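J.: predicted coordinates and the sequence they were generated for:
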Amino acid sequence: MNANFHCCKMALMVVLTIGFVLPVVAETPQSKLSGHWEGQIEIPNQPLKILLDFSKNDAGEIKGTISIPAQNASNLALDAIIVSEDSVRFTIKKIPGNPVFKGSFSTGGTSITGDYTQGGNTFSFAIQSAMSPTDRAKEALEGFDKFTEQAVKDWNVPGLAVGIVVGNQLVYAKGFGLRDMDEEEPVTPQTLFAIGSATKAFTTFTMATLVNEGMLEWDTPVRDYLPGFRMHDPVAADHLTPRDLVTHRSGLPRHDLMWYNNKEFTREDYVKRLRYLEPSADLRQKYQYNNLMFLTAGYLVEQLTDMSWEEAVRTLILHPLGMHQTNFSVAVSQKSDNFALPYREDEETLEEMPFRNITTLGPAGSVNSNIEEMSRWVAIHLKKGTMNGKTLLTPALVNDMHTPHMTTGGSSTRSEFSATSYGLGWFINTYRGHKHVHHGGNIDGFTALVTLFPNDGIGIIALANKNGTGLPGIITKHAADRILDLEPIDWNKEGLESREKGMEAQKSAEEKKGVTRIEGTDYSHELADYAGEYKHPGYGVLTVSRKKNGLEFTYNNITTPLQHWHYDVFNGGKADDDTFEDMKLLFRIDMGGNIASVEAPFEPSVGHIEFVRQPSSILSNPEYLDQFTGEYLLVDDTVSVSLSGNRLNLTIPGQPTYTLLPDLGEKFQLKEYSVIKVSFEKSEKDEVIALFLDQPNGRFTANRLK
């Protein structure tokens, strides 16, 4: 790289932390300078593209800005603008080396050529009057409506909303199809949609404001802020930072079924249970998408601000940007007079599905918004933290969010895309040579995609009310090709062909799903013996119940019938909520022959999650336990059973008192010697008549004394 150019580049980067544009006074402002100009500085071997905008304020003063896409420099203020009939002179404000443009108008005033000088070095430059980016985008989008209308039909999507931002202006906002199919209510730019994981960037932006205020440092261990923070891996717990939380490199895989549809746990509960979740990699070893880490980031925000995550986002982002309809719960959306219903496709038929309330997981995915308001969110990113005179973040912090911090480890299958990395709440790659910052969102019945082309000043929002549809991605690429003036690619045709192949493969796989089943086997116990409460310290409680037609299990408020598969493996059947359909559960037996645990493949990246069967709750009921108290004759010794609180104690002469803990099979185990079990015998009149002491070397009987 040319040394002089390097000097210029480094100097320009300094100004990125300013984040505002000041009006400047021109000696003789001329209307012919007003408008948008494009051109380049002829740096040897590397021409530098520049974009300039000039306008007059209410006082008649000329103001101007310059953007240099290759240096990620946007809207740098121009100073000392002097215009005459045939020449112009201006400088870049607060840039070292006194950068100065001196040029002359062509005949007709449609171009300017001259010299650019900085730090004693001079290069030629040339700029031409050009259509503004917003006008150019509007022209490029002629015919876009027709394409989108057809694509909505092709993809069998009920409704779609699309917004396109250029600079800080919403140049396109339109709804297609229906937000409510039964009532035939149309989608509009004001229709609320769930944006799912596109929420994550709201969490990182909020954290960045705390960094800006000195309340948080990206690379200080989380434990410095949350002293009680623990993880399964103590090394990870000691060193994991806020940046690690939001870049999917904690070492923890998804473990999503821990939170999915859970209506009982609080954010604090989830953070405390992280210590019981098995990692599948070391800290920062590899990329593993993780919603629970973003929940933890939101919890961290709450502890630092003494506000809920929702209130912090509302205070630091939504209110300053005027995003007053944007909310954090689908329950709130449904109180609006303009919200989209969620839909899914079943054998080419669209059907409404229930809303999924994920409020507790909010920092990872609970925001609901519309095109009109999301355009302001996109614009604040394109304008590097400042919009309409409001500075929420410095450009340096915005750039940090849009900078790769963790490779996803995957390679690109198309030449149009580079390999993807993850920034702070955003995926980052290039699309056909243009920097591409984006994040999708999928939650029951909704698919969202928010995309930034920060070096081009373009943002695209596509929101659909259909579960897992590829349409937002198709619409986004098609719009980008138009606005960026790229050779058209029929993304819609390719996407539909790919979807068809995927559906055929899925159908074929479903037809063969029984090949792993071993026919002719039976379960080991009576079905009633499998019923009970099973518990994992992180995931919580899984309950198995005996029903007339067999078994069913309930986890996180989702009930699924169980069908015998083979041996002690049962298969999830069809249910209103299909989360656990075709999931296999394996029951395990302890040495006493009891059904002691159930294993479920809730997290494929680690071993099965084991839920341990809990003893009957009646064995901790003092009123029930009182019947066992009294004296029993064991050989020649009298042993006694007494009650202390909700626990029985066993006293044997010459030995310390033992605590009896509830165990499976209506038995108890000695707390001090778990291999020793205690049970009681009753008469036909339901009176306790004996105590059995089961040890590895046999059973000892102690008859109750009257």
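T.: Nice, I can see it.
J.: may I have stretch 181-200 as CSV, with CA atoms only?
T.: The C-alpha atoms that make up stretch 181-200 are tabulated as CSV, following Å, rounded to 0.1, in the frame of the first residue of the first chain:
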residue,chain,number,x,y,z
MET,A,181,-56.4,-14.9,6.9
ASP,A,182,-59.8,-15.5,8.4
GLU,A,183,-60.7,-11.8,8.6
GLU,A,184,-58.8,-11.1,5.4
GLU,A,185,-56.9,-8.2,7.1
PRO,A,186,-54.0,-6.9,5.0
VAL,A,187,-50.4,-6.5,6.1
THR,A,188,-49.3,-2.8,6.2
PRO,A,189,-46.0,-1.1,7.2
GLN,A,190,-47.5,-0.7,10.7
THR,A,191,-48.3,-4.4,11.2
LEU,A,192,-46.5,-5.9,14.2
PHE,A,193,-44.5,-9.1,13.6
ALA,A,194,-42.3,-11.1,15.9
ILE,A,195,-38.6,-10.6,14.8
GLY,A,196,-37.2,-13.5,16.8
SER,A,197,-33.4,-13.6,17.1
ALA,A,198,-33.0,-10.3,15.2
THR,A,199,-33.7,-9.1,18.8
LYS,A,200,-30.1,-10.0,19.7
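J.: which parts of that stretch are buried?
T.: Buried residues in stretch 181-200, defined by neighbour count with 16 or more other C-beta atoms under 10 Å: 181, 185, 187-200. C-beta coordinates here come from the backbone N, C-alpha and C atoms, glycine included.
J.: what's the burial count for Asp568?
T.: A total of 19 residues lie near Asp568 under the criterion other C-beta atoms under 10 Å.
J.: against Glu497, how distant is it?
T.: 44 Å (C-beta to C-beta, to the nearest Å).
J.: show me where the stretch 1-150 of the chain dips below the pLDDT cut-off.
T.: 1-30 (pLDDT under 70).
J.: can you map out the helices along it?
T.: 3-14, 133-140, 144-154 (DSSP state H, counting those that start in this stretch).
J.: can you check which helix is longest in the protein?
T.: Counting residues, the longest helix in the chain under DSSP state H turns out to be helix 491-511.
J.: about what we covered before: which of the buried residues of stretch 181-200 fall within helices?
T.: Among the buried residues of stretch 181-200, the ones falling in helices (DSSP H) are Lys200.
J.: of the buried residues of stretch 181-200, which is the nearest to Gly167?
T.: Among the buried residues of stretch 181-200, Pro189 lies closest to Gly167 (C-beta to C-beta), at 18.2 Å.
J.: who are the contact partners of the closest one?
T.: Ala161, Gly163, Ala173, Lys174, Gly175, Asn370, Ile371, Glu372 (C-beta atoms under 8 Å, 6 or more residues apart in numbering).
J.: and the third one, how far is that from Val162?
T.: Using C-beta to C-beta, we find Ala173 at a distance of 7 Å from Val162.
J.: neighbour-wise, which of those two wins?
T.: The neighbour count for Ala173 versus Val162, taken as other C-beta under 10 Å, is higher for Val162 (25 against 19).
J.: show the pLDDT at that one.
T.: On pLDDT, Val162 comes in at 98.
J.: would you agree it falls within a strand?
T.: Yes. Counting by DSSP: H, G, I helix; E, B strand; the rest coil, Val162 is located in a strand.
J.: could you look up the SS state of the closest residue in space to Thr266 that isn't next to it in sequence?
T.: Once flanking residues are discounted, Thr266 sits nearest to Thr360: 6.7 Å by C-beta to C-beta, 6 or more residues apart in numbering. Here Thr360 is recorded as coil under three-state DSSP.
J.: hmm, Thr360 is touching Tyr270, no?
T.: Yes. In terms of C-beta atoms under 8 Å, Thr360 counts as a neighbour of Tyr270; the distance is 7.5 Å.
J.: give me the neighbour count for the nearest residue to Ala201 once chain neighbours are set aside.
T.: Excluding the flanking residues, the one nearest Ala201 by C-beta to C-beta, 6+ apart is Gly425, at 3.9 Å. If you count neighbours by other C-beta under 10 Å, Gly425 ends up with 26.
J.: which residues touch Gly425?
T.: Counting by C-beta under 8 Å, 6+ apart, Gly425 has contacts Lys200, Ala201, Phe202, Thr203, Thr204, Phe205, Val246, Met401, His439.
J.: same check, this time on Leu160
T.: Counted by C-beta under 8 Å, 6+ apart, Leu160 has contacts 148, 152, 175-177, 187, 462-465, 471-472, 475.
J.: let's see 6 Å
T.: Val152, Phe176, Gly177, Ala464 (C-beta atoms under 6 Å, 6 or more residues apart in numbering).
J.: beta partners for the second one?
T.: According to DSSP bridges, Leu160 are recorded as the beta-bridge partners of Phe176.
J.: so what's the residue count around it?
T.: 21.
J.: per-domain residue ranges of this protein.
T.: According to automatic domain parsing, the chain comprises the domains 3-130, 140-505, 527-614, 618-704.
J.: so of those domains, which one's packed in deepest?
T.: Comparing the domains of the chain by mean neighbour count (mean count of other C-beta atoms under 10 Å), domain 140-505 ranks first with a mean of 19.
J.: picking that back up, want to throw the domains of the chain into a markdown table with distance to Glu511?
T.: Shown next, in a markdown table, are those (distance: least, C-beta to C-beta, whole Å):
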| stretch | distance to Glu511 |
| --- | --- |
| domain 3-130 | 51 |
| domain 140-505 | 11 |
| domain 527-614 | 13 |
| domain 618-704 | 40 |
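J.: want to throw the contacts of Leu160 into JSON lines with distance to Gln695?
T.: Shown next, in JSON lines, are these (distance: C-beta to C-beta, whole Å):
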{"residue": "Val152", "distance to Gln695": "72"}
{"residue": "Phe176", "distance to Gln695": "74"}
{"residue": "Gly177", "distance to Gln695": "72"}
{"residue": "Ala464", "distance to Gln695": "65"}
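J.: cool, thanks, talk later.
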